[in-house]
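**Student:** coords please:
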Amino acid sequence: MHVIADGECSLSFNSLLEFMTGASTVPPLGFDKYITIDFYDKASSNHYPTVSTCDMHIWLPRGTEPEELQHLVQEAVACSPGFGKI
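**Tutor:** Next comes the predicted model:
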C-alpha cells in the first residue's frame, strides 16, 4: 500500500474537498450525506477522475498505479475552476 507523506503531494485538503463537494470547507453542521467512491475501467492512460458535486460522488479509474492515480487526481483538481472561479 502506498501512503502519501506530508509534503509529498501539492494537493490541499480544501482543494480536494472543493473538487469533490463544491464546498472549500466543511459546513458547520457537516454534510447531509457521505462522499461515495466508485471505480471504472479506464478507456485510456490519461482518464481523469470525475465527480458529481450534487451527489458527492467521485469516480476513479480502476487498475491505476498509486503514483499515476495521485498525478491524475492532482491534475483534475488543478484544472477544475470551481464554482464561480474562472
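**Student:** Could you point out the longest helix of the protein?
**Tutor:** If you go by DSSP state H, the chain has its longest helix at helix 66-79.
**Student:** Just the buried residues of that one, please?
**Tutor:** L69, Q70, L72, V73, A76, V77 (16 or more other CB atoms under 10 Å). Yep, even glycine has a C-beta here, placed from its N, CA and C like the rest.
**Student:** now swap in stretch 16-34 and tell me
**Tutor:** L16, L17, E18, F19, M20, T21.
**Student:** give me the element S24 is part of.
**Tutor:** Assigned by DSSP states H and E, S24 belongs to no helix or strand.
**Student:** which residue packs closest to it, ignoring adjacent ones?
**Tutor:** Counting by CB to CB, 6 or more residues apart in numbering, S24 lies nearest to E18, which is 4.4 Å off, once chain neighbours are set aside.
**Student:** Verify the stated contact: the one you found with L11.
**Tutor:** No - contact criterion CB atoms under 8 Å: E18 and L11 do not qualify, at 11.0 Å.
**Student:** and C54, that's in a helix?
**Tutor:** No - counting by DSSP: H, G, I helix; E, B strand; the rest coil, C54 is located in no helix; its state is coil.
**Student:** State the number of residues packed around it.
**Tutor:** 8 (other CB atoms under 10 Å).
**Student:** How about it, nearest residue that isn't a chain neighbour?
**Tutor:** Excluding the flanking residues, the one nearest C54 by CB to CB, 6+ apart is G22, at 7.9 Å.
**Student:** For that neighbour, give me phi and psi.
**Tutor:** Backbone geometry at G22, expressed as degrees, to the nearest 10, gives phi 90, psi -10.
**Student:** Could you check the pLDDT of it?
**Tutor:** Looking at G22, its pLDDT stands at 88.
**Student:** residue ranges for the strands of this protein, please.
**Tutor:** For the chain, the strands defined by DSSP state E occupy 36-41, 50-52, 57-62.
**Student:** Pick the most buried one from those.
**Tutor:** Stretch with highest mean neighbour count among the strands of the chain: strand 57-62 (a mean of 17; mean count of other CB atoms under 10 Å).
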